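Asks: 3D model of this:
(one chain, ligands or ions: 1)
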Amino acid sequence: MIDLSSKTALVTGSGRGIGKEIAVKLAKAGADVAISDIDLETAKVTAAEIASSTGRKTIAVAADVSKGEEVERMFKEVFGAFEKLDILINNAGITRDGLIMRMKEEDWDLVLNINLKSAFLCCREAVRPMMKARSGKIINIASVVGLMGNAGQANYSASKAGMIGLTKTLAREFASRSINVNAIAPGFIKTAMTDKLTDAEKEKLASGIPMAKLGLPEDVANAALFLASPLSDYITGQVITVDGGLVM
Ligand code: NAP
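Replies: Modelled structure (predicted):
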């Protein structure tokens, strides 16, 4: 069994969806967790729910993680409550899909800023204290489309490919300080993000997946729990796909 007691974690975009499920898993394993979301009320409700179901300390922090000053304030709040940070999960992400000829510049910028720049900003805040502690786990939630591309998602797939490059670079920069930096590339997972698809689109997607079904947030959270734990101490700079065999 994975034991994360005495560990602290920050999960961005964890008010709902995959981030929430990751926060639940970490807390169930014994970690205290900061629930960060762009919407404070959502973060508060999730933090209270996790605290009451697991008995762990949780805090709710509101931040738009694409903005440097909000990320700085978020880290101050986290260090004020927890004094240290062992695990950072960069999970916040959005889509603004469209074929490139019709893609607006603002939709490119928004997706790159929320999905990729946010990870840079959060990693920059987290690594200094992790370096001092000579330990840390950073997990970036990328996507299979960052590995294989996807028509209609130039902005999103570029942001996720960028996250993978960021992961490998930081893994090299901090390996000697015992900070592990890895990415998870989920395939198609049942959340609000994929609820936007029609049933016909979901069926078409599933038919292209060797396991012939969409995944669950819990499937991604299980991989995050492993990467956040000492079981992954000799693993860094890797991308773990959680996709029912879509990319192999
Ligand atoms: P989701 O249900 O839409 O949740 C995304 C979360 O991020 C929400 O809580 C949202 O807050 C928050 N968020 C959005 N913009 C933010 C910002 N600027 N600052 C802080 N938080 C922000 O999405 P999900 O499906 O759980 O996706 C989670 C991650 O997995 C994303 O990075 C996504 O790209 C990745 N992923 C998902 C899938 C999939 O199939 N679902 C596949 C591959 C990768 P509000 O709800 O309050 O706006």
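Asks: need the pLDDT of the residue nearest to residue 5 when sequence neighbours are not counted.
Replies: Spatial nearest neighbour of residue 5, chain neighbours left out: residue 30 (3.3 Å); criterion: Cβ to Cβ, 6 or more residues apart in numbering. All C-beta atoms are positioned from the backbone trio N, CA, C, and that covers glycine. Among the per-residue scores, residue 30 shows a pLDDT of 98.
Asks: so residue 30 sits in a helix?
Replies: No: going by DSSP: H, G, I helix; E, B strand; the rest coil, the assignment for residue 30 is coil, not a helix.
Asks: roughly how far apart are it and the ligand?
Replies: 23 Å (Cβ to the nearest ligand atom, to the nearest Å).
Asks: next one: residue 76
Replies: Taken as Cβ to the nearest ligand atom, the span from residue 76 to the ligand is 16 Å.
Asks: residues from the protein in reach of the ligand?
Replies: With Cβ under 6 Å from any ligand atom as the criterion, the chain comes near the ligand at residues 12-13, 15-19, 37-39, 42, 64-66, 91-94, 114, 141, 143, 186, 188-189, 191-194.
Asks: and after the strand ranked longest in the chain, which helix or strand comes next?
Replies: What stands out as the longest strand in the chain, according to DSSP state E, is strand 179-186. Downstream of strand 179-186, the next assigned helix or strand under DSSP states H and E is helix 192-195.
Asks: mind giving me the ChimeraX select for the residues of the chain next to the ligand, buried ones only?
Replies: Restricted to buried positions by 16 or more other Cβ atoms under 10 Å, the ChimeraX selection for the residues of the chain next to the ligand reads:
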select :12,13,15,16,17,18,19,37,38,42,64,65,66,91,92,93,94,114,141,143,186,188,189,191,193,194
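Asks: CA atoms of stretch 219-234 as CSV?
Replies: Only the C-alpha atoms of stretch 219-234 are listed here, as CSV (Å, rounded to 0.1, in the frame of the first residue of the first chain):
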residue,chain,number,x,y,z
ASP,A,219,-7.4,5.5,-14.1
VAL,A,220,-5.3,8.7,-14.4
ALA,A,221,-5.3,9.3,-10.6
ASN,A,222,-3.8,5.8,-10.1
ALA,A,223,-0.8,6.6,-12.3
ALA,A,224,-0.4,10.0,-10.5
LEU,A,225,-0.5,8.2,-7.1
PHE,A,226,2.3,5.9,-8.3
LEU,A,227,4.4,8.8,-9.6
ALA,A,228,3.9,10.8,-6.4
SER,A,229,5.1,7.9,-4.2
PRO,A,230,8.5,6.4,-3.4
LEU,A,231,7.7,3.5,-5.8
SER,A,232,8.7,5.8,-8.6
ASP,A,233,12.0,7.2,-7.0
TYR,A,234,14.2,5.9,-9.9
